[in-house]
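Participant: this one's structure only:
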């Protein structure tokens, strides 16, 4: 966790930092600019006007899950993280009147223009879920549990001074955000472990077959052949696009025979 990650004020930022799969941080799951939306648009996108209130807990899991998927795809496409800050502008230009679900349509359109591959937003969303679930599974198999997603104790203590004096995270409401976030991804709400059904649905049977012994740490736990989990498409006769996950980060490989 970085020194400037103050979790006691903005609840969406707090949840995004806590669930980041590579360790607490604000660059993969924290919602950033989309958290600053008017109440009416927040209700359309995330199911409640509370999502627009940084101090409220309502709607924050939905607000975090959406950019998680988008950032996974951005990484696959090799698009700079900061370009995601203008995705609202792209969305309104290409899909006027949308409710926020069209970000993947924007990325699908960019892929189509650049490669000729007619990928759908549904395919990109599934790819994103596969990436996030593989990363989550690697953490689970390495022994990381739900208690490791909870913040340090001091974040449940009131801020001692300044304009945010007295603010603190509520332990039960923070736990509820984590439970709902897991549910949105098809992971067990209580433990955060990806369910066998979700792993099979995403084509991750190899992970589903591994022992679900959370808390057991060791090299044998994390031997996951992640590069075998690829989705193949043939947009043209002479081109194949393969989406895969490396152990370091995410990549989109375009292969020409």
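Facilitator: Arrived safely, thanks for sending. Small disclaimer: the values here were computed from a predicted structure and weren't measured.
Participant: Okay, now the unreliable bits of the stretch 151-257 of the chain?
Facilitator: Where the stretch 151-257 of the chain drops to pLDDT under 70, the residues are 211-257.
Participant: can you give me the strands for the stretch 151-257 of the chain?
Facilitator: Secondary structure of the stretch 151-257 of the chain (DSSP state E, counting those that start in this stretch): strands located at 231-236, 239-245, 250-255.
Participant: so which helix or strand takes in the residue nearest to residue 149 when sequence neighbours are not counted?
Facilitator: Leaving aside its sequence neighbours, residue 149 sits nearest to residue 18 (CB to CB, 6 or more residues apart in numbering; 5.3 Å). From N, CA and C alone the C-beta is placed, and that goes for glycine too. Following DSSP states H and E, the helix or strand that holds residue 18 is helix 11-19.
Participant: circling back: could you pull up the contacting residues of the residue nearest to residue 149?
Facilitator: Residue 18 is in contact with 7, 24, 149-151, 174, 178, counting by CB atoms under 8 Å, 6 or more residues apart in numbering.
Participant: Point out the ones among these that are inside helices.
Facilitator: 149, 174, 178 (DSSP state H).
Participant: Kindly reformat these as CSV containing distance to residue 43 and neighbour count.
Facilitator: As requested, the ones in helices among the contacts of residue 18 are arranged in CSV below (distance: CB to CB, whole Å; neighbours: other CB atoms under 10 Å):
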residue, distance to residue 43, neighbour count
149, 27, 19
174, 23, 22
178, 23, 20
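Participant: Redo these as TSV? Include distance to residue 141.
Facilitator: Formatted as TSV, these follow (distance: CB to CB, whole Å):
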residue	distance to residue 141
149	16
174	25
178	19
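Participant: Okay, helices next: where are they in this structure?
Facilitator: Using DSSP H, helices in the chain cover 11-19, 39-46, 60-77, 87-94, 103-115, 121-141, 146-149, 171-184, 196-201, 205-208.
Participant: Of all those, which one is nearest residue 159?
Facilitator: Nearest to residue 159, of all the helices of the chain, is helix 11-19, at 12.8 Å by CB to CB.
Participant: Run the angle between the closest one and helix 171-184 for me.
Facilitator: For helix 11-19 against helix 171-184, the angle by axes from the mean of the first three to the mean of the last three CA atoms, to 10 degrees is 70 degrees.
Participant: on that earlier part again, now the residue nearest to residue 149: how far from residue 129?
Facilitator: 19 Å (CB to CB, to the nearest Å).
Participant: Comparing the helices of the chain, which comes out most buried?
Facilitator: helix 11-19 (a mean of 26; mean count of other CB atoms under 10 Å).
Participant: how many other residues sit next to the spatially closest residue to residue 165 that is not a sequence neighbour?
Facilitator: Once flanking residues are discounted, residue 165 sits nearest to residue 159: 5.6 Å by CB to CB, 6+ apart. Using other CB atoms under 10 Å, residue 159 is surrounded by 16 other residues.
Participant: pretty sure residue 64 contacts residue 180?
Facilitator: No - in this structure, residue 64 is not within contact of residue 180 by CB atoms under 8 Å, at 9.6 Å.
Participant: check contacts around residue 50.
Facilitator: Applying CB under 8 Å, 6+ apart, the residues contacting residue 50 are 42, 56-59.
Participant: for the closest residue to residue 71 other than its chain neighbours, what are its contacts?
Facilitator: Among residues not flanking residue 71 along the chain, residue 28 sits closest, at 5.6 Å (CB to CB, 6+ apart). By CB under 8 Å, 6+ apart, the contact list for residue 28 reads 16, 20-22, 68, 71.
Participant: for residue 156, same thing?
Facilitator: Contacts of residue 156 by CB under 8 Å, 6+ apart are 168-171.
Participant: top of those residues by neighbour count?
Facilitator: residue 169 (22 neighbours).
Participant: mind checking which of the helices of the chain is nearest residue 163?
Facilitator: Closest among those, once you apply CB to CB, is helix 11-19, at 16.3 Å.
Participant: now the closest one against helix 121-141, angle please.
Facilitator: Using the same axes, to 10 degrees: helix 11-19 against helix 121-141 is 60 degrees.
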